[in-house]
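Student: Show me how the following folds:
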Amino acid sequence: MSKQSGNMRLKRQGGGSSGGKAGGGSYKYKPVKGGKRVQKSENKIFALVMACIIVFGIGMFIFLKAIYPVTTGAKTPSTAVTVNGQKMPGWLYDYYKIQYEDYYCSYFSGFTKAQIIALYGQEAYDDFYLDLLPFIEKSAFEDVIISAYTSQLAKEYGLKVSKEEIQAEHKAYLDLFEEQKIDYALWLKYYGLTEKRFLSYIELDLSERKLRDHLYDLVEMGDAEAEAEARKVFDEKPEEWQPRKVSHILIKVSNWSDETKQKAAYEEAMRLIEMLIEDPSRFAELAEEFSEDDASAKDGGFYDAFIFGNCYIPSLGYSFDEAFVDAAFELASVGDFTLEPVKGYWGYHIVKLEAVVTEFENLEEAEHDYIIAYLNTGLFVDKYNEVMKEKDDNAKIKRKVRFIAWTKGDEEYPR
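Tutor: This next block holds a predicted model:
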């Protein structure tokens with residue numbers, strides 16, 4: 001799971017190295033097999049040459065092992081790293097690696113591992129995986145370190161995880177798997193886990209959650225202070241904290257579509273903008289007819305939810321596309337719409353400003369509470385970073401796992 005606070009967990013879910021091979025097992029070095037003992041031979045030169053070849057082969061094997069100490073098919077050691085005397089298991093490093101593989105795969109390509117293999121083949125994915133591997137190794141290793149820090153800090157604060165809490169969390173996972181029709185045994189196998197290891201992971205995760213909750217409680221503002229701070233940021237930073245409602249028209253096109261499709265989508269959006277310039281009152285009509293956002297098109301493109309300048313929508317519980325929100329906050333007056341198509345994740349948008357809250361007292365409850373929660377979260381993040389930095393500055397770390405692709409700081413843990 002992600003080691004960052006926030007509304008999204010930026011950890012990958014799914015996608016593993018098949019058969020434990022990283023990058024398709026491109027690099028494998030095997031010991032050179034010694035030849036049969038040379039029997040009596042009249043050709044002593046031949047025997048000497050053979051002996052030299054054997055010695056040379058063994059020497060090359062040792063040399064290659066030194067240069068490439070871990071191959072793509074190598075097994076992770078039982079202890080990935082020792083942090084302040086605490087041994088962090090190799091399986092945890094592997095578990096985080098598998099999670100990050102899918103995350104970075106989707107992040108950099110827009111496709112899942114399975115989609116890439118289906119479209120381009122296993123060999124193409126193996127090459128792509130080797131490009132991802134430095135990011136995967138770095139992120140997974142750092143998360144193992146963070147898991148060690150948080151479990152140690154939880155103990156220092158006297159925060160304990162009971163067996164009952166672990167069992168309850170485990171049952172929650174099993175109920176979720178049953179609801180989503182996920183085979184638990186296959187899921188464990190996919191992530192290289194046993195049930196015992198999974199229970200250990202749950203304990204680490206619960207320990208981290210308890211630490212975060214404890215730190216949040218330590219810094220959370222009282223009601224009066226929080227209300228004053230919320231009002232202050234609302235008045236001082238209207239571009240971020242005065243929420244807006246919008247309508248939009250979406251012409252879908254993927255970021256990975258070819259140039260012809262991109263151009264066609266852009267031209268269609270421009271055609272609609274030109275129609276709106278002639279008659280702005282047609283926005284809802286055109287949205288119903290042409291917008292490819294099914295959720296809003298039936299309502300004339302209208303989103304009945306406030307968005308903030310940091311892209312978050314409290315009443316819906318998720319973030320909007322950054323380019324979309326930036327465009328909404330650049331519109332000067334209610335009724336204005338973008339005169340150029342806005343390229344977002346899902347395609348080209350035409351955004352129209354419908355409402356702005358300019359008075360703190362007029363905030364709806366969800367928006368009011370979100371501002372306060374955001375400010376408290378900022379205090380928590382500062383506190384969390386403070387205790388983690390102190391832990392990191394004084395940490396004694398001995399790495400056991402060796403990296404295949406991430407070479408920076410290979411001799412010691414880099415921060």
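Student: in the protein, which helix or strand is least confident?
Tutor: Taking mean pLDDT, DSSP states H and E as the measure, the chain has helix 44-67 as its least confident helix or strand, at a mean of 44.
Student: How far off centre is whichever helix or strand comes after that one?
Tutor: Remark: after helix 44-67, the chain's next helix or strand is strand 79-83, criterion DSSP states H and E. Distance, stretch centre to chain centre, for strand 79-83: 23 Å (CA atoms, centre = their mean, to the nearest Å).
Student: For strand 79-83, buried residues please.
Tutor: Neighbour-count burial for strand 79-83 flags Thr79, Ala80, Val81, Val83 (criterion: 16 or more other CB atoms under 10 Å). Where you see a C-beta, it was placed from the backbone N, CA and C, and this is true even at glycine.
Student: tell me the mean pLDDT over that strand?
Tutor: For strand 79-83, the mean per-residue pLDDT is 96.
Student: quick one: low-confidence ranges for the chain?
Tutor: Within the chain, the ranges that satisfy pLDDT under 70 run 1-74, 407-415.
Student: let's go with 80 and repeat that
Tutor: 1-74, 255-256, 312, 314-319, 407-415 (pLDDT under 80).
Student: Helices of that one, start to end?
Tutor: Using DSSP state H, the helices of the chain run over residues 44-67, 90-109, 113-120, 122-156, 163-179, 184-190, 195-219, 223-236, 238-241, 259-278, 283-290, 294-297, 322-330, 365-393.
Student: would a markdown table of the buried residues of strand 79-83 with distance to Asp126 be doable?
Tutor: Output for the buried residues of strand 79-83, formatted as a markdown table (distance: CB to CB, whole Å):
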| residue | distance to Asp126 |
| --- | --- |
| Thr79 | 28 |
| Ala80 | 24 |
| Val81 | 27 |
| Val83 | 32 |
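Student: Return the member of those nearest to Leu186.
Tutor: Lowest distance from Leu186 to these (CB to CB) belongs to Ala80, with 24.5 Å.
Student: Nearest spatial neighbour of the closest one, chain-adjacent residues omitted?
Tutor: Tyr93 (3.9 Å; CB to CB, 6 or more residues apart in numbering).
Student: so how far is Asp127 from that neighbour?
Tutor: According to CB to CB, to the nearest Å, Tyr93 stands 23 Å off from Asp127.
Student: With Leu92 instead?
Tutor: Taken as CB to CB, the span from Leu92 to Asp127 is 28 Å.
Student: Check Glu322 too.
Tutor: Distance of Glu322 to Asp127, given as CB to CB: 30 Å.
Student: just Glu178 next, same as before
Tutor: Distance of Glu178 to Asp127, given as CB to CB: 38 Å.
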